[in-house]
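> sequence and computational prediction follow.
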Amino acid sequence: MKIAVSGSHLTGKTTLVEELCRALPDHLSMHEPYYHLEEEGHVFPGMPGVEDFELQVDEELHDIILRDIWDFNLEVLEVSGTISERLNQVLAHVKIL
């Protein structure tokens, strides 16, 4: 099973993924394109702009399509609340799959 986490800048996505990895130890985490691009030398401003987000989307699409790391069986789950509440929502959904 693959779980993708998406959301606005500075909303706790990384924290949620870290908590999911602790709760689901058999799962692996992939770094978001932001960090991969930084490792390659791209410098992001304090608050990334539209061009920066487009670059990240391009990098992610490269991973998805060219590196064939995902299948395309996609299900969307919208969660809200604190990190703990979001974690519980995702884990409850994973358990019913």
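That came in fine, so what should we check first?
> residue ranges in the protein under the pLDDT threshold?
Along the chain, segments meeting pLDDT under 70 span 1, 63-76, 96-97.
> chain center to the longest helix seen in it: distance?
Of all the segments of type helix in the chain, defined by DSSP state H, the longest one is helix 83-96. Helix 83-96 has its C-alpha centroid displaced from the chain centroid by 15 Å (CA atoms, centre = their mean, to the nearest Å).
> list the contacts for residue 84?
residue 19 (CB atoms under 8 Å, 6 or more residues apart in numbering). Glycine gets a C-beta too; all of them are placed from N, C-alpha and C.
> thinking again about what came up before, show me what counts as buried in the longest helix of the chain.
86-87, 90 (16 or more other CB atoms under 10 Å).
> equivalent analysis for stretch 46-62, please.
For stretch 46-62, burial by neighbour count (16+ other CB under 10 Å) applies to 52, 55-56, 59-60.
> element containing residue 81?
For residue 81, there is no helix or strand it lies in under DSSP states H and E.
> show the contacting residues for the nearest residue to it once chain neighbours are set aside.
Of all residues not flanking residue 81 in the chain, residue 89 sits nearest, at 7.5 Å (CB to CB, 6 or more residues apart in numbering). Residues counted as contacts of residue 89 (CB under 8 Å, 6+ apart) are 77, 79-81.
> do the same with residue 13
5-7, 32.
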